[in-house]
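> Just need the structure, nothing else, for what follows:
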Amino acid sequence: MSASSKPLIVKCPNCGCSVPWLPEQLAKPFCSERCKLIDLGEWAMEEKRIPGEPLALDDEFEEDNFFQ
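Numbering: from 1, shown residues only. Purely as a prediction, here's the structure:
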């Protein structure tokens, strides 16, 4: 990176803090490991989800017939 070029700056999806998009920023796009884990916890607790219709499963415990 040349001295005149600036790194891309993104906002942390959790707290909105500015985050430089650099190789040494290991938690990107998050500002810290803490924000990264908070986001992961929200997905795990199903507080966040991808919009759309849920899949209709005939029987949760039925064997997978995909490869048969």
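> Would you map the strands across the chain?
Along the chain, counting by DSSP state E, strands occupy 9-11, 18-20.
> Kindly reformat the ones you listed as a markdown table and extend each row with mean neighbour count, distance to residue 38 and mean pLDDT.
The C-beta positions use only the backbone N, C-alpha and C, and glycine is treated the same way. Formatted as a markdown table, those follow (neighbours: other C-beta atoms under 10 Å; distance: least, C-beta to C-beta, whole Å; pLDDT from 0 to 100):
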| stretch | mean neighbour count | distance to residue 38 | mean pLDDT |
| --- | --- | --- | --- |
| strand 9-11 | 12 | 15 | 96 |
| strand 18-20 | 15 | 15 | 95 |
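> contacting residues around residue 11?
17, 18, 19 (C-beta atoms under 8 Å, 6 or more residues apart in numbering).
> Please repeat the previous calculation with a cut-off of 7 Å.
For residue 11, the contact set (C-beta atoms under 7 Å, 6 or more residues apart in numbering) comprises residue 18.
> Please apply the same query to residue 42.
Shown in contact with residue 42 (C-beta under 7 Å, 6+ apart): residue 48.
> again with residue 29
Contacts of residue 29 by C-beta under 7 Å, 6+ apart are 10, 12, 13, 19.
> Show me what the last one is bridged to.
Counting by DSSP bridges, residue 19 is bridged to residue 10.
> Residue 35 against residue 16, yeah?
No. In this structure, residue 35 is not within contact of residue 16 by C-beta atoms under 7 Å, at 9.8 Å.
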